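1. Sequence first, then the predicted structure:
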Amino acid sequence: MSNTEVQQDIASDGYSIQGKSIGEAIKRQLETPFVTGTDVEWDRPFYVGDLAELRSQYLKWKARLPRIEPFFAIKSNPDPTAAKYLAALGVGFDCASQAEIEQVLDMGVDKDRIIYTHPYKNPSFLQYVAQQETPLMTFDSESELHKIKRIYPNAKLVIRILVDDKDSVIRLSRKSGVPLYEVEELLSLAKDLELNIVGVCFHVGSGCKNPNSYYDAVLRARQVFDQAKSFGFKMELLNVGGGFNESGITEGATFEKAAAVLGPAVDELFPSNDVRVIGEPGRYFVGSAYTLCLGIMGRRRAIIENEIDMDVIKKEKESNNYMYYINDGYFGSFGMMCLDPDRLNIKVLRKNGEYFYGKEINEDEKYPCTIWGTTCSSYDCVSKDTKLPVLNEGDWLYLSNAGAYSYVVASTFNGFDIPKIIYINSDKQ
């Protein structure tokens, strides 16, 4: 599907606001709410997705990592609109389940642009990809090799190795990746089973904060590449995984810093053009492409937990420290975002009818507050240490960089819907 066809498909959904800025789209949405049948959703949370940001991130990737093919980690945000747009740009896909693979195949994506990256696959899922002849997949254990031999012996296998991810927000090494000292044993078993190992993959962890982690990982991959060759395997693929940060992250391992380490490392340690190199960016593409808008449903004075000193409580009641209750929460968009508090830069969107998108509010006007989610659960706390001005019921907040691991993990617990998405294309070209 071409970019033009994608845009036409989006325009037919009724939520598209083409050619507008994010701020304009938000204002229009708050002043012209969703209408679903007889239900006017004027007080529901919503996202604004900017297709131009997806394209910008793609062009940046191609400019800084021209040798590495991006395979979008669709688990980070399976929004069909974003997926179609990325597919139209020529991006491949990192999938972890039958449903994800079905979604990608239904978009007409070529099978050589799909990698099945779950190291422990459901047998029925494996049978499905065998029927679809989608061969590229990862493994990191003996049991997986025996399962693949039984169900899909013609698969093209990529061994996932353990790398140092201690400097990442979410350490994937706790669950996946074979230690280097066990690699030889797996290679030997694969050889005995007459399976086809074609490459090596790794993942430095989600939200990597140390760009040098990529060099160390590529170095380990080179070692395993050579080991596999010594067993007679024809090695032709290196998968450098994910961990790449979105454009809104300006400290630590920014994408630019990571690319400055990773690109030269790949060229140094894998100089042959016979080796295909792919990566698995997820939040890199979608993180900064989505803005989440949140309404304040109520407020109350802050409470000091376990405090019985009535004088202290009275003093607290006289302060401007509030607890705010919003229309999304931990069981909604924030389930995984709360794992990385650095990304929870929640700001004022509308206060007393005045819009503040993209504007900063004087720090002297802000007070410590707690933001509670929309359900009745006491676990539903979004943030305990945010600073905001005094706000009222009916005011709105927003969170930029909200596109990764947000609505995709949301539930409908307590009967609350998952926020809808409206789309814009801020690119005027």
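-> Looks like it came in fine.
2. Please make it C-alpha for all contacts and neighbour counts, starting now.
-> Noted.
3. F72: neighbour count?
-> 28 (other Cα atoms under 10 Å).
4. Surely it forms part of a strand?
-> Yes - under DSSP: H, G, I helix; E, B strand; the rest coil, F72 sits within a strand.
5. Look up the pLDDT of the residue nearest to it when sequence neighbours are not counted for me, please.
-> Nearest residue to F72, sequence neighbours excluded (Cα to Cα, 6 or more residues apart in numbering): F93, at 4.6 Å. The per-residue pLDDT reported for F93 equals 98.
6. Over to F93. Which of the three states is it?
-> Look at F93: counting by three-state DSSP, its state is strand.
7. Next, the contact list for it, please.
-> Residues in contact with F93 (Cα atoms under 8 Å, 6 or more residues apart in numbering) are 70-74, 104, 113-115, 280.
8. so what's it bridging to?
-> For F93, the beta-bridge partners are F72, I114 (DSSP bridges).
9. for A88, helix, strand, or coil?
-> Secondary structure assignment for A88 (three-state DSSP): helix.
10. brain fart, Q103
-> helix.
11. Give me the neighbour count for it.
-> By other Cα under 10 Å, neighbour count at Q103 equals 17.
12. Low-confidence bits of this structure, can you list those?
-> For the chain, the stretches flagged by pLDDT under 70 are 1-19, 33-41, 168, 171-172, 303-319, 428-429.
13. Quickly list the domain ranges of it.
-> The chain breaks down by automatic domain parsing into domains covering 3-49+289-424, 50-286.
14. So for L186, what's the nearest residue that isn't a sequence neighbour?
-> Nearest residue to L186 in three dimensions, chain neighbours excluded: E142, at 6.4 Å (Cα to Cα, 6+ apart).
15. Just give me the longest helix of this structure.
-> helix 212-230 (DSSP state H).
16. now that one: how far from the chain's centre is it?
-> Remark: helix 212-230 is offset 26 Å from the chain centroid, using Cα atoms, centre = their mean, to the nearest Å.
17. Pull the residues that contact that helix.
-> 161, 163-165, 167, 180, 183-184, 187, 197, 199-202, 204, 234-235, 238, 240, 258, 261-262, 265-266, 269-270.
18. Could you rerun that using 6 Å?
-> 163, 262, 265 (Cα atoms under 6 Å, 6 or more residues apart in numbering).
19. Export it to PDB, keeping only CA atoms.
-> This file holds the C-alpha atoms of helix 212-230, laid out as PDB (Å, rounded to 0.1, in the frame of the first residue of the first chain):
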ATOM      1  CA  ASN A 212      28.300   1.400  24.500                       C
ATOM      2  CA  SER A 213      26.100  -1.500  25.200                       C
ATOM      3  CA  TYR A 214      25.600  -1.900  21.500                       C
ATOM      4  CA  TYR A 215      29.300  -2.300  20.800                       C
ATOM      5  CA  ASP A 216      29.700  -5.000  23.400                       C
ATOM      6  CA  ALA A 217      26.700  -6.800  22.000                       C
ATOM      7  CA  VAL A 218      27.900  -6.700  18.400                       C
ATOM      8  CA  LEU A 219      31.300  -8.000  19.700                       C
ATOM      9  CA  ARG A 220      29.600 -11.000  21.300                       C
ATOM     10  CA  ALA A 221      27.500 -11.600  18.200                       C
ATOM     11  CA  ARG A 222      30.700 -11.700  16.100                       C
ATOM     12  CA  GLN A 223      32.100 -14.400  18.400                       C
ATOM     13  CA  VAL A 224      29.000 -16.600  18.000                       C
ATOM     14  CA  PHE A 225      28.900 -16.000  14.300                       C
ATOM     15  CA  ASP A 226      32.300 -17.500  14.000                       C
ATOM     16  CA  GLN A 227      31.400 -20.400  16.300                       C
ATOM     17  CA  ALA A 228      28.400 -21.200  14.100                       C
ATOM     18  CA  LYS A 229      30.500 -21.000  10.900                       C
ATOM     19  CA  SER A 230      32.900 -23.600  12.400                       C
END
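20. which other helices and strands contact whichever helix or strand comes after that helix?
-> As assigned by DSSP states H and E, the chain's next helix or strand after helix 212-230 is strand 237-239. Using 3 or more Cα pairs under 6 Å, 6 or more residues apart in numbering; DSSP states H and E, the elements in contact with strand 237-239 are strand 196-201, strand 276-279.
21. Compute the inter-axis angle for the helix or strand that strand 237-239 is followed by and helix 212-230.
-> Using DSSP H and E, the helix or strand that follows strand 237-239 in sequence is helix 255-269. Interaxial angle, helix 255-269 versus helix 212-230 (axes from the mean of the first three to the mean of the last three Cα atoms, to 10 degrees): 30 degrees.
22. buried ones in helix 255-269?
-> Buried residues in helix 255-269, counted by 16 or more other Cα atoms under 10 Å: 255-259, 261-263, 265-266.
23. Could you export that helix as PDB, keeping only the C-alpha atoms?
-> The C-alpha trace of helix 255-269 is given here as PDB (Å, rounded to 0.1, in the frame of the first residue of the first chain):
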ATOM      1  CA  PHE A 255      19.100   7.500  19.100                       C
ATOM      2  CA  GLU A 256      21.900   9.600  17.600                       C
ATOM      3  CA  LYS A 257      24.400   8.500  20.300                       C
ATOM      4  CA  ALA A 258      23.300   4.800  19.900                       C
ATOM      5  CA  ALA A 259      23.600   5.000  16.100                       C
ATOM      6  CA  ALA A 260      27.000   6.600  16.400                       C
ATOM      7  CA  VAL A 261      28.200   3.500  18.200                       C
ATOM      8  CA  LEU A 262      26.200   0.800  16.500                       C
ATOM      9  CA  GLY A 263      26.700   1.700  12.900                       C
ATOM     10  CA  PRO A 264      30.600   1.700  13.000                       C
ATOM     11  CA  ALA A 265      30.500  -1.400  15.200                       C
ATOM     12  CA  VAL A 266      28.600  -3.300  12.600                       C
ATOM     13  CA  ASP A 267      30.800  -2.100   9.800                       C
ATOM     14  CA  GLU A 268      34.000  -3.000  11.800                       C
ATOM     15  CA  LEU A 269      33.000  -6.400  13.000                       C
END
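24. Residues contacting it, please?
-> Contacts of helix 255-269 (Cα under 6 Å, 6+ apart): 65, 211, 214-215, 244-245.
25. quick one on the thing from earlier: need the contacts of F93 in JSON lines with distance to T370, can you?
-> Listed next are these as JSON lines, based on distance: Cα to Cα, whole Å:
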{"residue": "P70", "distance to T370": "39"}
{"residue": "F71", "distance to T370": "38"}
{"residue": "F72", "distance to T370": "35"}
{"residue": "A73", "distance to T370": "33"}
{"residue": "I74", "distance to T370": "32"}
{"residue": "V104", "distance to T370": "40"}
{"residue": "R113", "distance to T370": "44"}
{"residue": "I114", "distance to T370": "43"}
{"residue": "I115", "distance to T370": "42"}
{"residue": "E280", "distance to T370": "35"}
